[in-house]
Every structure is written in structure tokens, then in C-alpha cells.
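**Student:** I need the structure of the sequence given here:
(4 chains)
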There are 2 protein chains.
Amino acid sequence: MNAATKREFKDQLFEQFARIGKSLSNGRRLEILELLAQGPRTVEELARDTALSIANTSQHLQVLRRSNLVTVKREGLYANYKLASDDVLQMCISLRRLGERHLSDVQRLVETYLCSRAKLEPISCQDLLRKLKEKSVFLLDVRPREEYEAGHIAGARSIPVSELKTRLKEIPRKREIVAYCRGPYCVFADEAVSILSSRGYRAVRLGEGFPEWKTQRLSIETGLDSQLSCGKV
Amino acid sequence: MNAATKREFKDQLFEQFARIGKSLSNGRRLEILELLAQGPRTVEELARDTALSIANTSQHLQVLRRSNLVTVKREGLYANYKLASDDVLQMCISLRRLGERHLSDVQRLVETYLCSRAKLEPISCQDLLRKLKEKSVFLLDVRPREEYEAGHIAGARSIPVSELKTRLKEIPRKREIVAYCRGPYCVFADEAVSILSSRGYRAVRLGEGFPEWKTQRLSIETGLDSQLSCGKV
DNA sequence: AATATATTCAAGCAATCTATTGAATATACA
DNA sequence: TGTATATTCAATAGATTGCTTGAATATATT
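**Tutor:** Residues are numbered from 1 along each chain as shown, chains lettered A, B, ... in the order given. All right, here's what the predicted structure looks like:
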């Protein structure tokens, strides 16, 4: 292969990889990807959760689709979008870790907006796994119900944070409680821990969320809450 | 935290993560990152290897620096750029894997330009590791000397592909030879295997390159060729 | 067939990005 | 101090991106 051909090849190759980079180069698209990491969504749902217009959301989804990061399946009136594969999830997590470790602005933002976070040390996936094996913990998924149904940590009970105050009686008084949600920057679990702690429960949050757990190939379940299983892995 | 504050936080947070995406959204920058994955470089060297102008290269480097993907250290006349950490390397590999698996154009490009590749199955890092332990293989680093010196697989001998034909006598006739280079899209190892095979040596290439080996936390060395060590891990 | 709903498409404008050019800066060396 | 070299900076033009608006399309329901 001569030098000119080699250059042509490299130009085209890196241009292709840059297609993925371009998809990741917009904050709104990253937010959409994070939502899709919880499970499939329609355009309307994504638009609502990201506070974007429908048309704008749709256009971002086209961009993601053209670089094959998401796939879409038409179901009746709705277009159901989801991540193309776990590789995409892995990539998003990789990107986020890079940001956390290398961008001081990210650290500053967390300190500013999640100041309550500092008080209470979250537990890690490893810790949770151990506690689950010992059956020493009550695991609570505080995300919206649909996300729980699309996939959750094996043995978790679903109580969306919006319903928590009215469903306290479902939570055992004596056991340690671990709440988890979408991920480290989601405040659902923080809110849950705050509610539970103020009422005398022993509660902590998981530092990560369901997507991180999933990519570590730890045990997951899908579908309705069994309302029985707990602490099993 | 009320809804408006939550939105503000998310907007700013994802804007930050998108800074990294933006850095990865340009093919030239990805090529620069791949070169830096082999070891530190000056602006001039990068400009030469990427066929960009000096000023343009410098500007791309500023972009990478502002998102903290690379760092620079002034050494006399030269500015020495390198990757900020192994996290960056990990990220680039993650991006590449995503492209390989999800972009059909990437597969098409490889088939078109690297058609010679199809004939010969490369070996994996795992295979190489096993063979090294058995001391059953002669490991050849065919990258330019400076890259070898900046870091290489433990036990490898350095013979840049440009010097290979004149240094054949340094290569044992009877042992199996494994050649490696910058990575899966680098053709140095292909060229080396082609030269060696045509002269009756038993030679294959490593499917990956030095950066991939490094991120798997396998054994590496830096500095000059010991010209003695071989097959040790 | 007519209507309602979800999504996509198309056009347009402002903002951003990329490569080029030439000048400015910084360091080494005579 | 003056000169050469490596790098960065500043200004510019052309291309691309992001959001809005309003229309078009596709499916389900009446």
C-alpha cells in the first residue's frame, strides 16, 4: 500500500469513528442516551424528560440512529427507541468516567448542586453484592415503574420515589435499606434516602445506578415486581 | 431540589461531558489521539504523521488540551504532548470497538484497503501471552524506534519495519514469529509478516497493538532494546 | 372515510467548527 | 544581541450544527 492510499484509508477510517464522536458531542444527545440506558422510550417520553421540543428530540434521535447508537421499532402509533447494544452503554459510562476524573467543572457542579451528597457515603456495587448474598439488606428501586419493569437489579423492590411517602409500610423497620436509581447524577435515590432517614430508617444509596450494575454483568431481572423476592442474587 | 434547578444542573452537567464528545467528534483529532497512544510526540511529529499543517495540528491539540484529554510539557524548543491518562486510552479503544461493531462502513473500509488481511488470521493478546510463557515465540516490535522506547510489550525485540529487510539475520529461522505494531488498523505488522513469510519464516501478526496490550494491564517495558530478553513475561 | 395522535421532514437563521494564512511569541544558539 | 526554529495566536471564509416553525406522513380510532 503506497503512502497516498494509506492516507486515504486513514482519513476515511477516522472519519467513520468520528461519526460516533459527533453523536456524543452534544449534551442533549448524551442526556437522551442516559435515559435510554434505563430502558426503551418513545419520542414523546424523551422529549418530556429532557425538556426539548418533540421535533428537536426526533432530530437528535435521527443523529443517534444514523451512527447506529440507537435502534427504533415502530409499535402502533409510537416509535420505540432503545440503545443499539451494551457496547453503547459501556461507551457512555467510559465517557462519564473520563469527565468525572478529568474535568474539574464536573466536580464543581456536583459539589454545588448535590451538596447533600457529601454527608452520606454511598455504597458500591461490590458492597451491595456482598450484602445481598448475606440477605442483610432490603433493596429498593426508586425509579419510575416502567424503568423497573424494563430491567432491575435482581431482588429489588419497586417503589418510585414519588410514591415513597405513602408506601412506607412496605419497608421493613429493622433491616438496612439500600436505594438505587438511574445513576450517580440522579437524585431519586438521594431523595429516598433523605425521606427514609428522617423517619428513622437506616438507609443509604448505591453510588451507581442500574446501567452500571448491568454492564458489570451482575444479576438482573425484568418485568413486574415479584413483591416477594428480596436479597436473592 | 426543584424542577428548574434540576434541569439547570443536568444541562450544565451534560454540557461538560459533551466537551469530551466534541473533542472526539473530529477524525483528525482521533488520529492524533491514536498516535499519542503510542507515546509522547511534538507538534511537528504529529503534523508530519497526520499530514496536517503545523498550525492546524496545534489548534487541534489546543482543543484536546482544553478538554483535558492530553497534557503538554515544554522541553526546550519542543512542546511534548501526551495522553492525560490511561482512561483516555481506554475511551479511544471503547470508541473504536463501537465503530468496528456498529458501523458497516468501517468493515467495508477494512475489506477494501486491508484485503491482504483476510488471508491470515492474527493471534490475540491471550494467545500471545500463553506463547510467551511457553517461550515458544519470537516477539517483534516493528514500530519506529522511538515508539518502542516509549513503551513496548515485555520481551519484544525492536526492528522497525523499514529496517526489516536488512536485519533479517537477527531473526531466528526456526521459531514462530509474532509481529505487532500500533494497532489493528496499522499496516506495519502486515508488511512485516508479508516480508518474513515470503522468505520462509513462520510469522503472524498480533491482532491488537501496544496500546490495547497496555490497557489490559499486561506486562510492559520501556527504554532501549535489551537485545537479549525474549519470551519473558 | 374522517379524525386524532405520534413522529418525521424541510426550510431558515444563528451559532459553531475547520482549515488557511500570516503574524506573534518563546526558546536555543551563534 | 541577532538569528533560526518550534509553537501558538488572530482573523477569515466556507461548511456544519442546533433549534424553531409549520407542513407532511403514518397509524389507530370512530
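**Student:** ok, the lengthiest helix in chain A near DNA strand C or not?
**Tutor:** Longest helix in chain A, counting residues (DSSP state H): helix A:3-23. No: residues of helix A:3-23 are not located near DNA strand C by Cβ under 7 Å from any atom of the strand, the shortest gap being 8.1 Å. Any C-beta I mention is one placed from the backbone N, CA and C, and that applies to glycine too.
**Student:** could you list every residue that touches A:T5?
**Tutor:** B:Y113 (Cβ atoms under 8 Å, 6 or more residues apart in numbering or on different chains).
**Student:** ok, it to DNA strand D distance?
**Tutor:** 23 Å (Cβ to the nearest atom of the strand, to the nearest Å).
**Student:** Contact residues of chain A facing DNA strand C?
**Tutor:** Residues of chain A lying near DNA strand C (Cβ under 7 Å from any atom of the strand): A:42-44, A:54-55, A:58-59, A:61-62, A:72, A:77-79.
**Student:** end-to-end on stretch A:117-131?
**Tutor:** One end of stretch A:117-131 to the other measures 22 Å (Cα to Cα, to the nearest Å).
**Student:** same question, stretch A:115-131
**Tutor:** Per Cα to Cα, the first residue of stretch A:115-131 is 27 Å away from its last.
**Student:** Kindly report the same for stretch A:155-163.
**Tutor:** End-to-end distance (Cα to Cα), stretch A:155-163: 19 Å.
**Student:** Can you tell me the closest non-neighbouring residue to the spatially most central residue of chain A?
**Tutor:** With the centre of chain A defined as its mean C-alpha position, the nearest residue by Cα atoms, centre = their mean is A:R182, 3.6 Å away. Nearest residue to A:R182, sequence neighbours excluded (Cβ to Cβ, 6 or more residues apart in numbering or on different chains): A:G209, at 4.6 Å.
**Student:** I'd say the one you found and A:A179 touch.
**Tutor:** No: using Cβ atoms under 8 Å, A:G209 makes no contact with A:A179, being 10.8 Å away.
**Student:** Find the residues that touch each one of these two.
**Tutor:** With Cβ under 8 Å, 6+ apart as the test, A:G209 and A:A179 both reach A:A189.
**Student:** before we move on, back to that, buried only: go through the residues of chain A next to DNA strand C for me.
**Tutor:** Buried positions within those, assessed by neighbour count (16 or more other Cβ atoms under 10 Å in any protein chain shown), are A:42-43, A:58, A:61, A:72.
**Student:** thinking again about what came up before, among the residues of chain A next to DNA strand C, which are in strands?
**Tutor:** Secondary structure defined by DSSP state E assigns A:42, A:72, A:78-79 of the residues of chain A next to DNA strand C to strands.
**Student:** Farthest pair within the residues of chain A next to DNA strand C?
**Tutor:** A:Q59 and A:L77 (19.4 Å; Cβ to Cβ).
**Student:** mind listing what's buried in stretch A:61-69?
**Tutor:** Under 16+ other Cβ under 10 Å, the buried positions of stretch A:61-69 are A:61, A:63-64, A:67-69.
**Student:** pLDDT and distance to B:T166 for the residues you listed - can I get that in JSON lines?
**Tutor:** Formatted as JSON lines, these follow (pLDDT from 0 to 100; distance: Cβ to Cβ, whole Å):
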{"residue": "A:L61", "pLDDT": "98", "distance to B:T166": "56"}
{"residue": "A:V63", "pLDDT": "97", "distance to B:T166": "51"}
{"residue": "A:L64", "pLDDT": "98", "distance to B:T166": "51"}
{"residue": "A:S67", "pLDDT": "96", "distance to B:T166": "45"}
{"residue": "A:N68", "pLDDT": "97", "distance to B:T166": "45"}
{"residue": "A:L69", "pLDDT": "97", "distance to B:T166": "47"}
